[in-house]
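Trainee: Could you look at this predicted model? Sequence included:
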Amino acid sequence: MENNPTPDQNLPESATISGSRPVANLEADTPAREERLFLLLSIFIGIISGLLVVSFRMAIEWLTVLLQGSAPAPHQLRLIIIPVLAGLLISVLTRYVFPAVRGSGVNQTKAALYIHNGYISTRTVIGKFLLAALAIGSGFSLGPEDPSLQIGAGAASLISRRIGLSREKLRIFAPVGAAAGLAAAFNAPISAILFVIEEVIGQWTAGVLGSIVLAAVSAVVIARWFWGAEPMFRVPPIALRDPRELLAYAVLGIIGGLASLIFAKALGFLRPLLRAQPQWSQMLQPAAAGFLVGCIGYFGLPQVMGAGYGAIDAAMHAQFAFKVLILLAAFKIIATTLSFSSGSPGGVFAPTLFVGAMLGAAIGAFEKHYFPSLATGTIGSYALVGMGVLFAAFLRAPLTSVFMILEVSGNYSIILPVILANTIAYLMARALQPVPIFELFTHQDGLYLPSMEEQREESELHFEDALLPVTLPILQGGQTVWSAKAAYTASQAEKPDVTPAAILVQCRDSGWYAARPSELTEIFAEPKSQDDPVANVCLEDRLGAERTPLIFPDQQLSSALPYFRRWPVVPISNRATRGALEGVLSLDDVLKRYQRQ
Amino acid sequence: MATTIQTRAYTKRGLVLHDTLSFLALLAISVALFGVTLFLFRSFEEHRADLAVRWAKRGRLALAQNHPAAAVDAFHTALTYTSDGPEETNDQLLLAQALAAGGHTDEAQTYYLNLWETHPGDGFINLQLARLDRAQDKFADANDKYEASIFGSWEDDGAVHRRNVRLEFTEFLIQQHLNAEARNQLFTVASNFPNDVPTLLNVADKLQTAGYAPDALTFLQKAVALEPHNRDLLIQAAQAAYALADYALAERLDHRALEEHPEPGDAVSQAQLAAQAAAAKRIQDLVLTPDQPATPRADHIIAAARIAQSRLRSCLAAPGTAPHNDPLLEGLTPRWTAANPGKATRSVLLNDPALEDTLTQLIYVTEQNTNQACGEPAGDDALLLELANNAAKGQGSNGK
């Protein structure tokens, strides 16, 4: 139920548009006002989201030190006690105070965009901030990035509501804030922009892109002011001396694809199962998840607790043996599945990166041990590529995954292995798990938000997919009306039973005129004899200056529909030879083509 | 109509005022939020810094107590809380050191490489990387890193650090049999520290190892010039001179050493030193090489021939030897008979250089073969054997 609007989300329309009715009415007088405000507001949204995300990360770190101690290690009893107590507190607060804070935040932001007109309640933002920080800080295996995205979106929603913007703009501001929140969380503006476009709004429109960029950049400036400009992970540059090493990265892609499948299947199984339990049981689920995750930490793997960035860093610096890396990846999947399915607020980005880093480092360690002559990259570079692999396969954001790895490492020498491994993992994940994880969650919640992956892959039809050869009669525009009439009569005499849908007139300026038969019949009826002055007027002059629009085969078929209001058919021209036709298209042809799709 | 225009003007003014106030409010909220965040951030950073210092201290202690595993854990924790900057670099360096000390070469190298990325000209980091490359037999990389370390920046006492790196680098070069390059590096070190006796001794020692004994002796002599009453140094120089067959110099240095008072615990006693000096003096009377002046050489050959013949006779007469069956000794008696050393007077030898050479060779062969057949000689025979061995190595007297 994580996407269902809570009572405070179902506000009256007036509240979603503006806090003050008179101002809303005034908007009708100044339609350009919003355009002017839009970019400036984006900067403020970026700044405020950035500050909130910095505070959020700080709260997580503070709570981590406070609750888990400065150096969590196995056999510390607090590793079990703290997550259990935090789980109890989270379930009470989630049940009675912040009912809309469960889950990661990505789907909630999408739901805000597509269902609630961009509305995210202030209470949700506050709840997400507090409870996600508590969950992650106490050791639940969850990440701060997705909540940051929702916090950013929530801040944007709040600001745009207060300013009093139209519903359309209000809706767009949620992804703008989301990009700002994610950019600040990752310290990576490009990845955040791409993720929001790939996963949340699914389209590149110049107006929205400008706002998203401004907000993301503002947020990153703020984040860097506090944390510095250093990339999150630093690995030495790699130089692929032997192309055979790419095989190891390809294997990493395959293993990453399989791991993401296991991860997705585990979440897809456990989450609805726990949701189906009675209410009292759901109240205990976060505490139970905390207990199990705590046990994993207590009995030897405290690294899986929390977001796990320290362990990712350690894996990058080859501080874990092969077996430990495999164990960490496996137990992180278990711990995250438990934490997330229990309804504790927190994200899956960081755990995904964690699993990827461990698998990558494991492959790197294996290669270095058994094929040392091939391994030119450090284990850190494998861990980094592994992070991208899981991101591409599990979160199904292939473009974001590539840029994210480049941005979080500041290392562009790694691009070739990243692209190779991510592509393999992504294709495998698509083949084995057709429904992306976030979409799966929305389906589990009974919502049907647009699938960005499907949208990306929808193939647009073009004119060339529907056009037919020219079989219509063609008249020369330079002919006189009288001779055109004769030519038309002659052509009609060959097929007396067929009335053409249109007659094409080729004009001397290489343009075309698609005339209806009735239109020509009317013109041809005007001259009574060849000596009649009307009979000697050029046909194209008689038709007037208007011509059918110049259309080419590669243009989108959907754009054809408005033309048929005026023209019986649309001639499709060749781009290379002006005046030459590739074919013609009627409304009927277009509809038939769409029906066939 | 006029009313409508007036109303529109009012509404526009209202909108402008509304937007202005909204942005001012946003600005105020941003500033307030920034202030609160900054306050909390600084407070938290201070706490983190305290934790970092505490854990780094534990790490240093563990490293000092030779507990690299504990040090690694402590430095890891410290690094979790260290902010970017010199402290972080320092902790990373210590962590890398702890990792290297714990035998985690790969991890240590990764850390050093990370540091190197941001400090490519740092002498210490390059030195550590050179050592790790060397341990992993990456000779070309080690070579580059040593050079980068020598020409890199050092926080304090750069000249001393560079000297030490050069000396370590020469060890690496000698290990790679790149002796000529090692010699160049050692000459650079010596020229940078011309008045530093330990450095000159170190240079001499490494030159000796690299096979440049004459150069080594030169630097030892320079060291002796700086510390003329250093008994150990005099003895070391004398031994080097003796090994180079510069017996006169060796004798002089030994005598100078004898004049110095020995310290308790000195490796060479006065009696041993006196014996060394005596040997150096005596061997000069037996040198047979053609670079000697003609008359002394003839006298040396006559004396040495007697000694060698005597050694042969005693060897042949020794119980357990079977001279007729011993291929080493079998041909020597006929060769001595043919050479007829009894006729070889000073004047004969001075007029017959071929006979001088024949007798010299016969003396050498006799000493070498009797050494193998009858065991190690003593006294003059031992000195002659030493000369024979030097001749076999192509080394004359005076180190030539």
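Mentor: Cool, the structure landed.
Trainee: May I have the phi/psi pair for the closest residue to B:V268 other than its chain neighbours?
Mentor: Among residues not flanking B:V268 along the chain, B:I235 sits closest, at 5.3 Å (CB to CB, 6 or more residues apart in numbering or on different chains). C-beta: built from backbone N, CA, C; applies to glycine. With angles defined as degrees, to the nearest 10, B:I235 sits at phi -60, psi -40.
Trainee: How many neighbouring residues does B:I235 have?
Mentor: 23 (other CB atoms under 10 Å in any protein chain shown).
Trainee: what's around the closest residue to A:H317 other than its chain neighbours, how many residues?
Mentor: Leaving aside its sequence neighbours, A:H317 sits nearest to B:T110 (CB to CB, 6+ apart; 4.8 Å). Neighbour count for B:T110, taken as other CB under 10 Å: 24.
Trainee: Next up, the contacts around the residue nearest to B:V268.
Mentor: B:L253, B:D254, B:A257, B:V268, B:L273, B:Q276 (CB atoms under 8 Å, 6 or more residues apart in numbering or on different chains).
Trainee: residue contacts, the second one?
Mentor: In other words, B:D254. B:L234, B:I235, B:A238, B:L273, B:Q276, B:A277, B:A280.
Trainee: which secondary structure element contains it?
Mentor: Taking DSSP states H and E as the criterion, B:D254 maps to helix B:247-259.
Trainee: List the buried residues in whichever helix or strand comes after that helix.
Mentor: Next helix or strand after helix B:247-259 toward the C-terminus (DSSP H and E): helix B:270-284. Neighbour counts over helix B:270-284 (16 or more other CB atoms under 10 Å in any protein chain shown) mark B:L273, B:Q276, B:A277, B:A279, B:A280, B:I283, B:Q284 as buried.
Trainee: for the stretch 201-350 of chain A, what are the low-confidence residue spans?
Mentor: Along the stretch 201-350 of chain A, segments meeting pLDDT under 70 span A:203-204, A:206-207, A:234-240.
Trainee: redo that, cut-off 90
Mentor: A:201-211, A:227-247, A:275, A:279-280, A:282, A:309-310, A:313-322 (pLDDT under 90).
Trainee: Tell me where it has helices.
Mentor: A:206-227, A:245-275, A:279-298, A:309-316, A:322-341, A:349-370 (DSSP state H, counting those that start in this stretch).
Trainee: I would like the residues contacting the first one, please.
Mentor: Taking CB under 8 Å, 6+ apart as the criterion, the residues outside helix A:206-227 that touch it are A:38-39, A:41-47, A:49-51, A:53-54, A:152, A:156, A:172-173, A:175-177, A:179-185, A:187-189, A:192-193, A:196-197, A:201, B:37-38, B:41.
Trainee: Separate out the buried members of those.
Mentor: Buried among these by 16+ other CB under 10 Å: A:38, A:41-47, A:49-51, A:53-54, A:152, A:156, A:172-173, A:175-177, A:179-185, A:187-189, A:192-193, A:196-197, A:201, B:37, B:41.
Trainee: and residue 156, what element?
Mentor: I'll assume chain A. helix A:145-163.
Trainee: I was thinking of chain B, sorry if that wasn't clear
Mentor: Here B:D156 is assigned to no helix or strand, by DSSP H and E.
Trainee: which one is A:V348 nearest to, not counting chain neighbours?
Mentor: Sequence neighbours aside, A:S104 is the residue nearest to A:V348 in space, at 5.6 Å (criterion: CB to CB, 6+ apart).
Trainee: in a strand, that's where that neighbour is, yeah?
Mentor: No - A:S104 is assigned coil when assessed by DSSP: H, G, I helix; E, B strand; the rest coil, not a strand.
Trainee: How about the backbone phi and psi for it?
Mentor: phi -80, psi -50.
Trainee: still on that earlier bit, specify which member of the contacts of B:D254 is nearest to A:D313.
Mentor: Checking the contacts of B:D254 against A:D313 by CB to CB gives B:I235 as the nearest, at 56.5 Å.
Trainee: And the residue of chain A positioned farthest from its centre, what's its pLDDT?
Mentor: Centroid-distance maximum for chain A: A:D531 at 69.0 Å, with CA atoms, centre = their mean. Per-residue pLDDT puts A:D531 at 84.
Trainee: Then A:V590?
Mentor: 87.
Trainee: Kindly report the same for B:H104.
Mentor: 82.
Trainee: how about it, phi and psi?
Mentor: According to degrees, to the nearest 10, B:H104 has phi -90, psi 70.
Trainee: Distance check, it against A:V590.
Mentor: Distance, B:H104 to A:V590, by CB to CB, to the nearest Å: 68 Å.
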